[in-house]
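Enquirer: give me the fold of what follows.
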Amino acid sequence: EDGERTFAADAVMVSTGSRPRIPEWASPDGDRVLTTRDSYPPKVLPEHVIVVGSGVTGVEFVHMFSSFGSRVTLIVSRQQVLPTKDPEVAAVLEEDFLQRGVRLYKGARAIGIDHTEGGVAVRCDDGRSAEGSHCVLAIGSIPNTEGVGLAEAGVAMDGPWVRDLDHHLR
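Expert: Predicted coordinates:
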C-alpha cells in the first residue's frame, strides 16, 4: 500500500548492512586489487597476497590465504596485529603467522598501490614497499545508511555513522 505508517517502540534496530571501506589511494579492480567481498570466496588462489589491515577481518584473510598455500605479507599500521585486542593474544597470533612464513610490515601505513608487471606493489608511509600478485584491502566497513532517513527521524549522525552509540552499538 502507498501512504505513511507510524510505529511506536521502546527501541528500533535498523540493519542496513555495510560495504568495504576503500581509501582514497586505492582503486579496487576485482582482479589484482581486491576488497574483502572480492576475496571471498577467492576467484583464484593468489601466488603472493598483500593484506592491508590487521584487524579481525585482515587476520582472517591472512590465515585463510596462508592456509591455502599463498605467500602472504601483512601491512600492520601499528606495532601489533589486532591493535584493539589484548597484546598477549596478538603476540601469539603474530608468532603463528611468522611460523607460517607470513611477512609482517609493522608500523607501516599503506599510502598507495601501483600495478606492476607481475601484480601489485603497495607503498607505505615509512618508505617500504611490498610486492605481490594481489592485494586485499581489509581496512574496515562503512554502514549503508544513505537514504534510510535516520537523520530525518532525529538520529544524530556523523557521516554514515550513528553518533551516540556505546560499544554494544546501543
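Enquirer: all contacts plus neighbour counts: C-alpha atoms, from now on.
Expert: Will do.
Enquirer: end to end on stretch 22-38, go ahead and measure it.
Expert: Distance between the two ends of stretch 22-38: 13 Å, counting by Cα to Cα, to the nearest Å.
Enquirer: buried set for it?
Expert: For stretch 22-38, burial by neighbour count (16 or more other Cα atoms under 10 Å) applies to 22, 26, 28, 32-36, 38.
Enquirer: from those, which land in helices?
Expert: Among the buried residues of stretch 22-38, the residues falling in helices (DSSP state H) are 36, 38.
Enquirer: nearest to Pro46 among the buried residues of stretch 22-38?
Expert: Nearest to Pro46 out of those is Arg32 (Cα to Cα; 9.0 Å).
Enquirer: who are the contact partners of that closest one?
Expert: 119-120, 133-135 (Cα atoms under 8 Å, 6 or more residues apart in numbering).
Enquirer: at 10 Å what do you get?
Expert: Arg32 sits next to 38, 46, 49, 115, 118-120, 132-136 when contact means Cα atoms under 10 Å, 6 or more residues apart in numbering.
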